[in-house]
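Just the structure for this:
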Amino acid sequence: MVTMPETVSFVELPPSPLRLTLDTHALAANWRVLNAASGAARAGAAVKADAYGLGAAAVVPVLAEAGCRDWFVAHWQEVPTVLAHAPPADLAVLHGPLTDADVAFARATGVRPVLNSLDQVRRWLAGGGGRCDLMVDTGINRLGLPLADLGDPLLRGLDIDCCHSHLASADEDVPQNAVQLARFAEVRVTVPARRFALANSAGISLGADYHFDLTRPGLALYGGIARPEQAAMIRQVARPQAAIIQLRELQPGDRVGYNATFTASAAMRAAIVALGYADGYLRCWSGGKGALIWKGQQLPVLGRISMDMTIVDASNAYDLKEGDWLDVAYDPVAAARSSGLSQYELFTLLGRRFDR
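Numbering: from 1, shown residues only. This is a model prediction of the structure:
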């Protein structure tokens, strides 16, 4: 076993050359506008995947202060971070109890499992049961109890706080939305739950019929635009930055990066930035598709992005020096269009090396 030298244990760790600024005012404002747009329903918050990559430990207190009272994570391992800032009875785990250990954990902590199948229902009841949520599949064919199972006698033994379903195509105007809505309206008559929830971020903008008692925004909370109608009301929240670790003067013919995909045609200045695909800045930004920003000026990516570094053209950034911070162009809609990634990927790929 290798032990850490004693001198390291009390030396303060230097700051990261990557930082993610969280606009807490914008985050709180986004929840408030989504809560208002939910009409008679109340907006909760999907804080799974470490609050879509922004950091649940920072996000949950802000949203709680804004008025959020319902929280959703995917995995049991995500529970402790949320419970540090929210009551267990307000937290639901979407993937449900896969094992007896999951059941024991839920009962010990008081968080609600979201039951997705009759097997999970049996497991929950066999472990002692208690307050839970139920997910019903109305057409996405992902997680959720099939409609044909809603008459099973096992369900009578459940204490269901909220019955959920999930829209497959709420970001599009397609007939599937109305089909799922009609099916969920029938579910509401069948399932004895205290509350019902169908709409995600995009679903909120489909209208009051989709709101029921509780909405579950995720992407839009963090600045993503789930539907065009939301562009004017949702504010950017995440602002990543990366530090320059070296400046280089290139001569004509100098080749840049792995596999020499860029060759300088004239003398130019290049900046090497402490940002790479290990941090979520993927190779799809290579070859000039991506750019970092210095004082409003775009510095195009040169050559291939590597694991820990990106090289940009700094020829016209005359005052740039090592240690300076560049903004990562991360307007969600524009960045998704440029990279070919979804807005969800852009957020959740942000690596753990960012200081948040």
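
Quick check: which ranges of the chain have low pLDDT?
1-10 (pLDDT under 70).

For it, just list every one of the helices.
6-9, 24-37, 48-52, 56-66, 79-83, 100-109, 118-126, 175-190, 201-204, 332-339, 343-348 (DSSP state H).

looking at those, which is buried most?
Mean neighbour count (mean count of other C-beta atoms under 10 Å) peaks for helix 201-204 among those, with a mean of 27. C-beta: built from backbone N, CA, C; applies to glycine.

Which residues does that helix contact?
Helix 201-204 has contacts (C-beta atoms under 8 Å, 6 or more residues apart in numbering) with 34, 37-38, 43, 167, 170-171, 177, 210-211, 215, 217-221, 224, 226-227, 230.

which outside residues touch stretch 130-139?
89, 92, 94, 96, 106-107, 112-116, 124, 143-147, 150, 155, 158-166, 168, 176, 179-180, 183-184, 187, 191, 193, 198.

now do stretch 166-180
The contact list for stretch 166-180, computed with C-beta under 8 Å, 6+ apart, reads 135, 138-140, 142-144, 165, 198-203, 205-206, 210, 226-227.

From those, keep the buried residues only.
135, 138-139, 143-144, 165, 198-203, 205-206, 210, 226-227 (16 or more other C-beta atoms under 10 Å).

So which of those residues are in strands?
Cross-referencing the buried ones among the contacts of stretch 166-180 against strands under DSSP state E gives Met135.

returning to that earlier point: export the helices of the chain to TSV and append columns for distance to Gln251.
TSV is the format used below for the helices of the chain (distance: least, C-beta to C-beta, whole Å):
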stretch	distance to Gln251
helix 6-9	42
helix 24-37	44
helix 48-52	43
helix 56-66	45
helix 79-83	50
helix 100-109	61
helix 118-126	64
helix 175-190	57
helix 201-204	50
helix 332-339	30
helix 343-348	35
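
show me the contacts for Arg19.
With C-beta under 8 Å, 6+ apart, Arg19 has these contacts: 240-241, 325, 354-356.

what bridges to it?
On the basis of DSSP bridges, Arg19 is bridged to Gln241, Asp355.

The residue nearest the centre of the chain and Val73, how far apart?
With distances taken as C-alpha atoms, centre = their mean, Tyr52 lies nearest the centre of the chain, 1.7 Å away. According to C-beta to C-beta, to the nearest Å, Tyr52 stands 11 Å off from Val73.

what's the answer for Ala64, then?
Taking C-beta to C-beta, one finds Ala64 at 15 Å from Val73.

Identify whichever of the helices of the chain lies nearest to Trp294.
Comparison of these against Trp294 by C-beta to C-beta identifies helix 332-339 as nearest, at 17.3 Å.

Residues contacting the closest one, please?
Contacts of helix 332-339 (C-beta under 8 Å, 6+ apart): 223-225, 231, 236, 282, 284-285, 289-290, 329, 341-343, 346-347.
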